[in-house]
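Novice: I'll drop the sequence and a predicted model, then ask my questions.
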Amino acid sequence: MIPRDAYWVRMPRFIGDAVMIHQALGGLRRASIPLVAWGPSPLMELFEGSSGFEACVSDDEPKFATMIDLLRKNHAKGVINLPRSSRALVAAFFARTPHRIGWSEGGGWALATSSLPFKKQAGHQIQRYHQLLGKAFPELDWNGLDLFCPRKEAFEWARSLRTSLKISSPYVVIGIGAKHWNKRLGAGVLVDLWDHLVSRNFSVLILGGPQAEDVAQGQEIQALRPDAKVACGKSSLSVSAALIAEASAMVGNDSSLSHLAAASGICTLVAFGPTLPQMTAPQGMNAHVFRKESLTCLGCMRFDCHIHTHACMQEIEVTPMLEVIDSVCGTGKGKA
């Protein structure tokens, strides 16, 4: 049931950004303001039934007429448009939705009732979300981040998958995958991590999405380590989130899985190379960023690489990550 007079939160295509939007909305939830998540169906599957939203509405091919009709029929009180696209603001404007919150770029300043220029805000992406939300709702407290917990059924399916793969607790997730090749950790680094974690008596789950690149890297790891338990493309987003939430820790790169891990509150270790952790690092009480600090080209934001080895992601040291796992989690009890 979609509540009337709710704030509709537009979600982007990028999963990591959507998770950060979820984390940023705590001020509204604490004020008991009803929220409806609105966006691509894979993300609605992730958020459906969680405590973060009263309802989820899938919209894979948004047409203005459909968007306007949705807002009007459900008497939306406001639209919160934190992605950079202004499509939801346009729809809200023509639907005469009373409160329209978004970025001023791309004509957003003329469509929104509360706006700020994204590029002129300082700090991490979540800080920028809080700056805009603080302008729209100055009476609310915007300190802190909300944890994310998927629905109960996702945990049931996750435990069934773990049983089929013979993954016992305590276990560590190695998250693979990224939208762009240059953010992926090399197979050699991932195998090195697997070796060290297994030697510490952890069960280890290699987790990735259904994309061909994730499946191929999972197969590459399994060819090098036949005992590796690989679950690439075997679970939905909500089940992946549940698998991560019940792990002792997750190690990965700048990706959606790392954002889910940080938002769940578990020990999260994230390798950064070409991207900027000060802007998009996963945020959480137990999130840690690692880089090959000897490189002068870190944060280049390039889609090519002038170092033929792509050293920032192919040669990063795993020892500092393992030291954090040792200090936070100790050692495991059963072998993978």
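Specialist: Thanks, I have the structure now.
Novice: for Gly188, grab the count of nearby residues.
Specialist: Look at Gly188: counted by other CB atoms under 10 Å, it has 13 neighbours. Using the backbone N, CA and C atoms, a C-beta is placed for each residue, glycine as well.
Novice: what's the answer for Gly27, then?
Specialist: Neighbour tally, Gly27, other CB under 10 Å: 20.
Novice: just Asp59 next, same as before
Specialist: Using other CB under 10 Å, Asp59 has 17 other residues around it.
Novice: now it: how far from Pro3?
Specialist: 17 Å (CB to CB, to the nearest Å).
Novice: run through the bridge partners of the spatially closest residue to Ile33 that is not a sequence neighbour.
Specialist: With sequence-adjacent residues excluded and distances taken as CB to CB, 6 or more residues apart in numbering, Ile33 is closest to Tyr7, at 6.0 Å. Listed beta-bridge partners, Tyr7: Leu35, Gly78 (assigned using DSSP bridges).
Novice: can you give me the pLDDT of Tyr7?
Specialist: Tyr7 is assigned 98 on the pLDDT scale.
Novice: for Leu224, see how far away it is.
Specialist: Going from Tyr7 to Leu224 by CB to CB gives 48 Å.
Novice: how close does the nearest residue to Ser203 once chain neighbours are set aside get to Arg162?
Specialist: Once flanking residues are discounted, Ser203 sits nearest to Tyr171: 3.8 Å by CB to CB, 6+ apart. Going from Tyr171 to Arg162 by CB to CB gives 8 Å.
Novice: what's the burial count for Gln219?
Specialist: 13.
Novice: that one reaches Ala228, doesn't it?
Specialist: No. Under the criterion of CB atoms under 8 Å, Gln219 makes no contact with Ala228, lying 10.1 Å away.
Novice: pull the contacting residues for the closest residue in space to Ser264 that isn't next to it in sequence.
Specialist: Once flanking residues are discounted, Ser264 sits nearest to Ala245: 4.1 Å by CB to CB, 6+ apart. Going by CB atoms under 8 Å, 6 or more residues apart in numbering, Ala245 touches Cys149, Pro150, Phe155, Ser264, Gly265, Ile266.
Novice: same deal with Ser86?
Specialist: Going by CB under 8 Å, 6+ apart, Ser86 touches Gly102, Trp103, Glu105, Gly106, Gly107, Gly108, Leu111.
Novice: can you pull out the strands in the stretch 51-200 of the chain?
Specialist: 55-58, 78-81, 99-103, 114-116, 171-175 (DSSP state E, counting those that start in this stretch).
Novice: buried set for stretch 108-125?
Specialist: Judged by neighbour count (16 or more other CB atoms under 10 Å), stretch 108-125 contains these buried residues: Gly108, Leu111, Ala112, Thr113, Ser114, Ser115, Leu116, Phe118, Gln121, His124, Gln125.
Novice: any idea of the mean pLDDT in the helix or strand that contains His259?
Specialist: Element membership for His259, per DSSP states H and E: helix 256-264. Across helix 256-264, the average pLDDT comes to 97.
Novice: picking up where we left off before, Tyr7 and Leu224: which is more packed in?
Specialist: More neighbours surround Tyr7 than the other of Tyr7 and Leu224, with 22 against 14 (other CB under 10 Å).
Novice: show me what contacts Val36?
Specialist: Val36 sits in contact with 2-3, 6-9, 53-57, 74, 76, where contact means CB under 8 Å, 6+ apart.
Novice: what about 6 Å?
Specialist: Listed by CB atoms under 6 Å, 6 or more residues apart in numbering, the contact set of Val36 reads Ala6, Trp8, Ala55.
Novice: just send the residues you listed back as TSV, with distance to Ala311 and neighbour count too.
Specialist: Below are the contacts of Val36 laid out as TSV (distance: CB to CB, whole Å; neighbours: other CB atoms under 10 Å):
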residue	distance to Ala311	neighbour count
Ala6	48	19
Trp8	44	30
Ala55	46	18
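Novice: reformat those residues as TSV; add distance to Leu190.
Specialist: What follows is the contacts of Val36, written out as TSV (distance: CB to CB, whole Å):
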residue	distance to Leu190
Ala6	42
Trp8	39
Ala55	38
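Novice: name the nearest of those residues relative to Ser199.
Specialist: Nearest to Ser199, judged by CB to CB, of those is Ala55 at 46.5 Å.
Novice: how much space between that closest one and Pro34?
Specialist: Counting by CB to CB, the separation of Ala55 from Pro34 is 8 Å.
Novice: repeat for Leu224
Specialist: Remark: distance between Leu224 and Pro34 (CB to CB) = 50 Å.
Novice: Gln222 now?
Specialist: Using CB to CB, Gln222 is found at 45 Å from Pro34.
Novice: pLDDT below threshold where in the chain?
Specialist: 331-336 (pLDDT under 70).
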